[in-house]
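Colleague: I need the structure of the sequence given here:
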Amino acid sequence: MYNLLLTDDEQIVTDSLAFILEKNFPSQFEIFKASSGSEAINICRSNKIDIIFMDINMPGLNGLEAISEIKQFNPSAVIIILSAFDKFQYAQEAMALGAYRYLTKPVNRNLVTQTVRNALGIIDSLQGKITNDIEMKEKLSFVSSIVESDFIYSSIYPGSADVKDLHRYLEYFKISEGQYFYLCIELHGIGQGKNYETYLAVRDILLKSSACIVGPFMSSRIVTFFPFENSMDLDAAFIWQQELVREIFSAIAMKVGTKTKIGAGIISSDLNDTVRSYNSALKALNSISESGGTNFAMQTEGSGKKLVVDSAQSEIHLLNRLNSGDVDGTKSLTLMWVESLFDSGLSLDLVRNSVFRVLVTARSSVNEVQKGYSSEPAFNNTFSILNSCEDKSSILEYVLPQFVECAGIILRSHSQKENPVVSKAKAYIEAHLSGEISLEQTADEVGVNPFYLSKIFKEETGGNFIDYVNFNRLDKACKLLKEGDLSIKEVSWECGYSDQNYFSKIFRRKFGVTPTEYKNSIQAGSSI
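Modeller: Got it, this is the predicted structure:
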C-alpha cells in the first residue's frame, strides 16, 4: 500500500480527488488530507508519503514553500501540483523544486488517473533500485565491519597476531604503511536502546574525518586506528593529530550529544608498536575527568619525553562564544584557553602554532560576516609578533584584544543585519526566560506563522529555536550563580526549569560541571 497526500484549502477538491483515486486504485492507497501547507508538512514529517497533490494558492504557507520544505526531508516524494492559474512562472518554480507534474484546475478525471499510474511506476522503479543498493551496501558493510573488528582485536591484544598478519589487514583496506596512532573514545549518557544508533553516528563521524579502521562498541568504548603518510615530521604529525581530534570531539558533541572522552595514543611508524600505542591512548583516556574532554599522549621517539594536552574543549568553547558575538565570554574563555595550553606541557613553538591557527579561524569567521574586514596587515605581522612572545603573559597581551575585536565585529554585524521578526522574538524570549516558552507562543506574539519563525530564526542565528532558548536560560543561570544570592533550586526556577535535576543535568552537559560546583568555584575565586 502507498501513502498519498491531498493538499487543498477547498474540501470539495480533496474529496473529489479521493473519490477518483479510491474508485480507480482500490485498496492501493492510504489517503491523507491537508488544508494548508503547514498541515501538509506536519503530515509528511509523521508519515512516509509517496505521492503528494499540492495546491499552490493557500492561506499562510503556500504550496511552493511547503514543497521546498518537504523535499528537504523526503526528497523521493512524487509531487503533483494543482493550480487554478496556468502561469508559466508557477510551473517553472514548481519544476525547479522537483515537482513531477503541473495540473491546472479543473482537472480531468482520466488525466488524474494516468498521472498517478505513471507516478506509481516511478516509485516502484526507485524503490527497487534503492532496495538493491541497500542490500549490496549492507553485505559489504557487514563483511568490512567483521574484518575491521578482527584487525582492531589483533593489533591491540599482545600475541593475537604477528606483523605479517597486520600487513595483510592493511592491504585488504588498501592502506599504505606509514605512521599511525590509536584513539580510545568513551561515550556516556546514551539513551536506553540507542547504543547501536549512537555507534553508527560516531562511526560515520570518524570515517568522514579521515581514513581509519573503526572497531566495535565494547563497554561504552570505540577503539579506532588512524593511519597517515610518513611525509610529516613528528611535531607536524602531533599538530595534525590535535586538530583531527578536536574536530571529532566537536562533531560528536554537536551531532550525538553524549558525554565524550577521547584519548589519543602515541604516533608510531612501526607495526610492532601497536599494543604500546593503544595502551598510551587508553592511559590518556583514563586520565580525563568525569566531565569529559580530550587527552593526548605524545611520546618523542627515543627521548621518553611525554606531553599531555587538555585544551581542545576550551578552544571549542572559545570559538563558539566568539562566533556568537559574545565579547565577555570570548574574553574569559581566551584566558582559560591560553592557560590550558601552557599547563599542557607543550613546547613554546607548539603553543605559538596553536595560537596562530585559532587566530586564523577567528579572522575567517569575521570575514564571513563582514566582507569589508581586512586582516592582511595583521597576518603579515602575526608570525613575527608571536615569535617574539616568550611567555604566557606576552601571548595573552597580543591575542586577547584580537579575539575581543573579532567578537565585537561579529556582534555588530549581527545587530545590523538581524531580521526585525527575529529581534522581536529574541526580546520576547529574554522577557519570559523564567516561564514557559514555545515556538507557537512566540510566533503568535510576533505575528507570524510558527514554521516561518522557525525557518528565519535558524537562518539568522545558525541554530534552532529551542537551542537558543536553552542557551539563554543557562547564560542567565551562570549570572545568577555568580551573584550567589539564590539557591540552586531558586536559580532553576528563575531560568524556567521546574525540575532541578534536569537543570543540573543540562548545565553539566553544557559547562562540564554541576551548578553547585560552578557556584563553589566562583565563591572560591576561580573561573570555569
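Colleague: Just checking, which helix or strand of the protein averages the lowest pLDDT?
Modeller: In the chain, no helix or strand scores lower on mean pLDDT, DSSP states H and E than strand 306-309, which sits at a mean of 37.
Colleague: mind listing the helices for the stretch 51-200 of the chain?
Modeller: With DSSP state H, counting those that start in this stretch as the criterion, the stretch 51-200 of the chain has helices at 63-73, 88-96, 109-156, 163-172, 195-209.
Colleague: mind checking how far the nearest residue to Phe225 once chain neighbours are set aside is from Leu346?
Modeller: Excluding its sequence neighbours, the residue lying closest to Phe225 (CB to CB, 6 or more residues apart in numbering) is Ile213, at 4.3 Å. C-beta here means a position set from N, CA and C on the backbone, and glycine is covered the same way. Distance of Ile213 to Leu346, given as CB to CB, to the nearest Å: 28 Å.
Colleague: For Ala251, see how far away the residue nearest to Phe225 is.
Modeller: Taking CB to CB, one finds Ile213 at 18 Å from Ala251.
Colleague: what about those two, which has more around it?
Modeller: Ile213 (24 against 18; other CB atoms under 10 Å).
Colleague: Any idea what Leu103 is bridged to?
Modeller: Counting by DSSP bridges, Leu103 is bridged to Leu82.
Colleague: For it, give me the pLDDT.
Modeller: pLDDT recorded at Leu103 is 81.
Colleague: What of Ile522?
Modeller: On pLDDT, Ile522 comes in at 69.
Colleague: returning to what we had before: least reliable of the helices of the stretch 51-200 of the chain going by mean pLDDT?
Modeller: helix 88-96 (a mean of 63).
Colleague: pretty sure the residue nearest to Phe225 contacts Phe151?
Modeller: Yes: the pair Ile213 and Phe151 qualifies as a contact (CB atoms under 8 Å) at a distance of 5.6 Å.
Colleague: Please enumerate the strands of this protein.
Modeller: Secondary structure of the chain (DSSP state E): strands at 2-7, 29-34, 51-55, 78-83, 101-104, 179-188, 213-218, 221-228, 259-264, 293-299, 306-309.
Colleague: Which of those strands sits closest to Leu17?
Modeller: Closest of those to Leu17 is strand 2-7, at 5.2 Å (criterion: CB to CB).
Colleague: and Gln192, how far is that from Val399?
Modeller: From Gln192 to Val399 the distance is 44 Å (CB to CB).
Colleague: Give me the spatial nearest neighbour of Thr461, chain neighbours excluded.
Modeller: Spatial nearest neighbour of Thr461, excluding adjacent residues (CB to CB, 6+ apart): Tyr468 at 5.8 Å.
Colleague: got a pLDDT number for the one you found?
Modeller: 84.
Colleague: Tell me, how many residues neighbour Leu396?
Modeller: Neighbours around Leu396, by other CB under 10 Å: 18.
Colleague: Same question for Asp15.
Modeller: Residues contacting Asp15 under the criterion other CB under 10 Å number 12.
Colleague: repeat for Leu97
Modeller: When counting by other CB under 10 Å, one arrives at 18 neighbours for Leu97.
Colleague: which ones are touching it?
Modeller: Neighbouring residues of Leu97 by CB atoms under 8 Å, 6 or more residues apart in numbering: 64, 67-68, 71, 79.
Colleague: would TSV of those with neighbour count and distance to Ile429 be doable?
Modeller: Compiled in TSV, the contacts of Leu97 are given as follows (neighbours: other CB atoms under 10 Å; distance: CB to CB, whole Å):
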residue	neighbour count	distance to Ile429
Leu64	19	30
Ile67	25	30
Ser68	16	27
Lys71	17	30
Ile79	25	35
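Colleague: now those residues in CSV, with distance to Ser487?
Modeller: Converted to CSV, those look like this (distance: CB to CB, whole Å):
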residue, distance to Ser487
Leu64, 53
Ile67, 52
Ser68, 48
Lys71, 50
Ile79, 55
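Colleague: list the residues that contact both of Ile213 and Phe151?
Modeller: Contacts common to Ile213 and Phe151, judged by CB under 8 Å, 6+ apart, are 169, 173, 225.
Colleague: surely the first one meets Val147?
Modeller: Spelled out, that is Tyr169. Yes: assessed by CB under 8 Å, Tyr169 is found in contact with Val147 at 7.0 Å.
Colleague: which residue ranges form the helices in the stretch 401-528 of the chain?
Modeller: Under DSSP H, counting those that start in this stretch, the stretch 401-528 of the chain gives helices at 420-431, 439-446, 450-461, 465-483, 488-494, 500-511, 515-523.
Colleague: Point out the one among the ones you listed that comes closest to Ala34.
Modeller: helix 450-461 (13.1 Å).
Colleague: For Val245, which of the helices of the stretch 401-528 of the chain is the nearest?
Modeller: helix 500-511 (20.0 Å).
Colleague: Run the angle between that closest one and helix 465-483 for me.
Modeller: Counting by axes from the mean of the first three to the mean of the last three CA atoms, to 10 degrees, helix 500-511 lies at 100 degrees to helix 465-483.
Colleague: Can you give me the buried ones in helix 500-511?
Modeller: By 16 or more other CB atoms under 10 Å, the buried positions in helix 500-511 come out as 500, 503-504, 507-509, 511.
Colleague: Thanks a lot, catch you later.
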